[in-house]
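K.L.:
kindly generate the corresponding structure for this input.
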Amino acid sequence: MSRMTRSATLAMSLLVILAGCGSDGSGRPVTGVDARFIAEVASYQQVVDEPSRFAVGLIGASGRWVSFGHATLTFTPPDGSDADPPDAVVAGFLPLPGSPDLEADPALTLASDGRGVYAVDALAFPEAGIWLVEASVELDGEAESATATFEVLDEPIVPVVGDPAISVDHPVLGDDVDLGVLDSRARDGEELPDPDLHEASIPDALDAGRASLILFATPVYCSSRFCGPITDMVAELATEYADRATFVHVEIWSDFEDRELNPAAEAWVATDDGRILEPWLFLVDGDGTILESWDNIATHAEVAAALEALPAP
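P.N.:
This is a model prediction of the structure:
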């Protein structure tokens with residue numbers, strides 16, 4: 001079966017939104033009230049009664065994003081549910097690594113001028129099922145909003161904090177493989193951008209009893225285009241905190257054209273229904289236990305803080 005990244009649906013969703021309204025099959029709208037942007041839930045794993053970061057991207061036409069300022073998020077429980085939804089929350093702008101973090105009102109920007117999501121930490125949902133979020137912002141003095149559906153799970157589908165790291169081998173520098181298997185940016189004979197991230201495998205790091213920062217990302221084939229900036233950020237952290245942890249980048253695809261997954265990526269971030277949840281970043285301690293986990297977006301500051309909290313060498 002062909003496997004696709006969850007974020008690959010974003011471009012198709014945008015075309016649908018700009019053409020007209022749609023629904024999630026239950027009659028509830030999943031389109032923007034104003035066609036200048038749509039909402040796309042950027043959090044991959046919401047588990048019932050488990051507080052975690054909730055993030056929404058607001059994507060406009062012609063490569064524009066709603067950036068900066070704050071958005072108000074309100075929630076509707078699954079159809080037929082009598083669950084009490086979380087109170088409306090004000091979500092702050094969380095920039096993608098490399099994007100500016102400005103004190104400014106929300107605005108439609110080019111990706112080069114600002115790109116990120118609106119996020120709130122430690123949000124929990126009381127019931128599993130398909131929920132709806134409405135994200136509201138003020139653009140040019142006008143209140144505008146968009147809605148999106150998302151699933152709250154009974155159980156996690158990707159390893160969570162406290163779980164043991166999964167020891168599955170994957171190619172590293174020195175193996176007899178094309179460098180594009182290590183990083184999709186090195187396909188077709190291109191130079192490997194970040195060799196320091198490919199010197200050790202996950203099993204190598206676990207066997208050494210050393211903390212590790214493990215990134216699952218495919219910089220070329222990541223439809224959300226979040227993978228490249230986060231990979232670059234991890235490479236920067238690897239130079240700053242080489243004494244604290246082993247840094248590992250696992251490319252998602254062994255062969256993108258034939259949809260062959262890297263076995264480690266399949267074990268960690270592939271779902272039973274064929275979705276690939278990436279980028280995803282895990283901090284693992286020297287005993288092989290997951291300490292921290294960031295799905296889709298992680299900032300330099302928060303990952304650096306987690307690395308600095310590791311035992312000093």
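K.L.:
Pro195 - nearest residue in space that isn't next to it in sequence?
P.N.:
The spatial neighbour of Pro195 that comes closest, neighbours along the chain excluded (Cβ to Cβ, 6 or more residues apart in numbering), is Leu173 at 6.0 Å. C-beta here means a position set from N, CA and C on the backbone, and glycine is covered the same way.
K.L.:
I'd guessed that neighbour sits against Glu199; true?
P.N.:
Yes: counting by Cβ atoms under 8 Å, Leu173 sits close enough to Glu199 to count as a contact (5.6 Å).
K.L.:
surely Leu237 touches Val303?
P.N.:
Yes: at 6.1 Å, Leu237 counts as touching Val303 under the criterion of Cβ under 8 Å.
K.L.:
overlap in contacts of the two?
P.N.:
In terms of Cβ atoms under 8 Å, 6 or more residues apart in numbering, Leu237 and Val303 are both contacted by the residues Leu213.
K.L.:
figure out the helix or strand that Val234 lives in.
P.N.:
Assigned by DSSP states H and E, Val234 falls within helix 227-240.
K.L.:
would you mind pulling up the elements that that helix packs against?
P.N.:
Applying 3 or more Cβ pairs under 8 Å, 6 or more residues apart in numbering; DSSP states H and E, we find helix 227-240 packed against strand 212-216, strand 246-250, helix 300-308.
K.L.:
okay, now the residue nearest to Pro195: neighbour count?
P.N.:
14 (other Cβ atoms under 10 Å).
K.L.:
need the contact list for it.
P.N.:
Residues in contact with Leu173 (Cβ under 8 Å, 6+ apart) are 182, 192, 195, 198-199.
K.L.:
and it, what's its pLDDT?
P.N.:
On pLDDT, Leu173 comes in at 96.
K.L.:
distance of it relative to Ser201?
P.N.:
10 Å (Cβ to Cβ, to the nearest Å).
K.L.:
between the helices and strands packed on helix 227-240, which gets nearest to Asp272?
P.N.:
strand 212-216 (17.0 Å; Cβ to Cβ).
K.L.:
pull the CA atoms of the closest one into CSV?
P.N.:
Extracted in CSV, the C-alpha atoms of strand 212-216 (Å, rounded to 0.1, in the frame of the first residue of the first chain):
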residue,chain,number,x,y,z
SER,A,212,20.4,11.0,22.2
LEU,A,213,18.3,13.4,20.2
ILE,A,214,16.6,11.5,17.4
LEU,A,215,14.9,13.3,14.5
PHE,A,216,12.6,11.6,12.0
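K.L.:
so which residues of the stretch 1-150 of the chain form strands?
P.N.:
4-5, 37-41, 46-47, 52-60, 64-67, 70-76, 89-95, 107-110, 116-123, 129-139, 142-153 (DSSP state E, counting those that start in this stretch).
K.L.:
same for the very next helix or strand once past the longest one, what does it pack against?
P.N.:
What it means is strand 142-153. Using DSSP H and E, the next helix or strand after strand 142-153 towards the C-terminus is helix 202-207. Under the contact criterion of 3+ Cβ pairs under 8 Å, 6+ apart, helix 202-207 touches strand 212-216, strand 246-250.
K.L.:
for Leu281, find the nearest of the ones you listed.
P.N.:
Nearest of the helices and strands packed on helix 202-207 (Cβ to Cβ): strand 212-216, 5.1 Å.
K.L.:
now for that closest one, which elements pack on it?
P.N.:
If contacts are counted by 3+ Cβ pairs under 8 Å, 6+ apart, strand 212-216 sits against helix 202-207, helix 227-240, strand 246-250, helix 263-269, strand 280-284.
K.L.:
out of these, which is closest to Thr109?
P.N.:
For those, the distance to Thr109 is smallest for helix 227-240, at 15.4 Å, taking Cβ to Cβ.
K.L.:
between the closest one and strand 280-284, how big is the angle?
P.N.:
Computed with axes from the mean of the first three to the mean of the last three Cα atoms, to 10 degrees, the direction of helix 227-240 lies at 20 degrees from that of strand 280-284.
K.L.:
give me the angle between helix 227-240 and strand 246-250.
P.N.:
Using the same axes, to 10 degrees: helix 227-240 against strand 246-250 is 160 degrees.
K.L.:
avg pLDDT for helix 227-240?
P.N.:
96.
K.L.:
who touches that helix?
P.N.:
96-99, 183, 185, 193-194, 196-197, 213, 215, 217-220, 222, 247, 249, 278-279, 281, 297-298, 300, 303-304, 307.
K.L.:
buried set for it?
P.N.:
Buried residues in helix 227-240, counted by 16 or more other Cβ atoms under 10 Å: 227-231, 233-235, 237-238.
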